[in-house]
Structures are given as structure tokens and as C-alpha cells.
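Q: Need a 3D model of the following:
(chains A and B)
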Amino acid sequence: DTAVSQTPKYLVTQMGNDKSIKCEQNLGHDTMYWYKQDSKKFLKIMFSYNNKELIINETVPNRFSPKSPDKAHLNLHINSLELGDSAVYFCASSQGGQGDSPLHFGNGTRLTVT
Amino acid sequence: DAKTTQPPSMDCAEGRAANLPCNHSTISGNEYVYWYRQIHSQGPQYIIHGLKNNETNEMASLIITEDRKSSTLILPHATLRDTAVYYCIALFYAGNNRKLIWGLGTSLAVNP
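A: This next block holds a predicted model:
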């Protein structure tokens, strides 16, 4: 009963392809996130959704399009993949709004673009 | 633009306490200090957080200085499974907008 689950765990694809990563949380949280961890291990937020509404979009190229069909799911679609998109992508969730609830992370999707 | 600074690496003997320092001299009054860790190839795991007071849970203790410019995460009896990268982060709230700015963390090696 994994709290935050992402699929696939590994994704190898060629430049120019379109791919999607799925994320689901069963914690009942109302806020979900996508983070990117590059080769230098920096974790950087990409998007945040609260109750299916986008609340953070951190200067991410518009080739990246998040979609939240309901508050338990946040998927990431990437068009026209580039070499620089190779990274580990982490999904996370929290109980947003007031208060200080911590983030719960999935185990990541390692994307390799060749 | 990380708001926290940590030593890049530390060693600790198994069974001893691991004390991980963090400087956050520019932290604001409403910014929490969070600690996460990342074990190789896994997602970051929440450890503990605090605002002003010291905090303790089943994983660790967090000691925050009175001026809030630094803090220390204490793992009281480190085990080999505690080997990980530990991140100290300041969290800022603006309504529903929560931003965690991550640095490079401290790579803790627990040695047998």
C-alpha cells in the first residue's frame, strides 16, 4: 500500500518522442507536486496542484504539461523530449493550505533521453 | 538560491549520535526548518520540522538556536541504514503556495 506511487520507474526513449509519467497518492492529500532532480542532485520544483488547480509553475518549458484528473492523481506529459530532460522526476503530495504538513515523495522515475 | 548551508559530507560511527548542522541565517520569522533525507535511488523521506522550539520524534531530534540562525539534526543512535543525504530546507508559505528550496545536503556515511 505505497502512499505515493509513480510509473514507470525507468523510462528510456529517444529525442523527439512524447512520453508520460503517472503519479497516484492514497493519502487523501489535496496538493501534489512534480520535482526534477538533475545529475548534480539538485531537487527543483516544477509544478504544484491543489485540488486539481495549478498553483505553482516554475518556469518549466511548455513541452511539459501536468494534468490532474482528480486530487489523487497528477500526471506529467512531456512533448518533444530533449537530451537535457534526462533526470529523475519525483512526484510528491501534502495536505496543503494552512499548517505545516510535510511532503511525501514517490520513489522517482528515471528518465533517460538518447 | 538555497537559503540553508550544510557541510557536504560527514562520517559517524554506528551506534553513536550523528549531529548534522545547518545554517539558515537569512530565515524569516514564518519560515519552518524542514529536514529530509534521501537514501540512494529512493525518494526523499521526511524526518522532522520545527519553527522555534526544539522538536523530537521517533526518528530524530531537532535543536533550533534561539536566534533561529542555525539548527542541528540529531540521530541519537545511528545505524548503517541511516547512511543517506540529509537536506535542511527552509519552507515558506504564501497561502497555498509552499516552496521548498533544496540545497545539496550533507552526505552522511555511517561506518561499522
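
Q: Next up, the contacts around the residue of chain B found nearest chain A.
A: For chain B and chain A, the shortest gap (C-beta to the nearest C-beta) falls at B:Gly43, measuring 3.3 Å. Any C-beta I mention is one placed from the backbone N, CA and C, and that applies to glycine too. Going by C-beta atoms under 8 Å, 6 or more residues apart in numbering or on different chains, B:Gly43 touches A:Val4, A:Phe90, A:Ala92, A:Phe105, A:Gly106, A:Asn107, A:Gly108.

Q: quick one: pLDDT of the second one?
A: A:Phe90 carries a pLDDT score of 96 in this model.

Q: now do the last one
A: Listed pLDDT for A:Gly108 reads 96.

Q: Please look at it and A:Leu11 and confirm they touch.
A: No - between A:Gly108 and A:Leu11 there is no contact under C-beta atoms under 8 Å: 10.8 Å.

Q: Counting neighbours, go ahead and name the busier of these two.
A: A:Gly108 (22 against 19; other C-beta atoms under 10 Å in any protein chain shown).

Q: I figured A:Phe47 was touching A:Leu54, is that so?
A: Yes - at 6.7 Å, A:Phe47 and A:Leu54 qualify as touching, with contact defined as C-beta under 8 Å.

Q: about what we covered before: nearest spatial neighbour of the residue of chain B closest to chain A, skipping sequence neighbours?
A: In space, and not counting its chain neighbours, B:Gly43 is closest to A:Phe105: 3.3 Å by C-beta to C-beta, 6 or more residues apart in numbering or on different chains.

Q: ok, that neighbour - contacts?
A: A:Val4, A:Tyr35, A:Phe90, A:Cys91, A:Ala92, B:Gly43, B:Pro44, B:Gln45.

Q: of A:Phe47 and A:Leu54, who's got more company?
A: In this view A:Phe47 and A:Leu54 are compared by other C-beta under 10 Å, and A:Phe47 has more residues nearby, 22 against 12.

Q: for the chain, where's the lowest mean pLDDT among helices and strands?
A: If you meant another chain, say so; for now it's chain A. In chain A, the helix or strand scored least confidently by mean pLDDT, DSSP states H and E is strand A:53-57, which has a mean of 78.

Q: you looked at the wrong chain, it should be chain B
A: Per mean pLDDT, DSSP H and E, strand B:97-100 ranks last in chain B, at a mean of 68.
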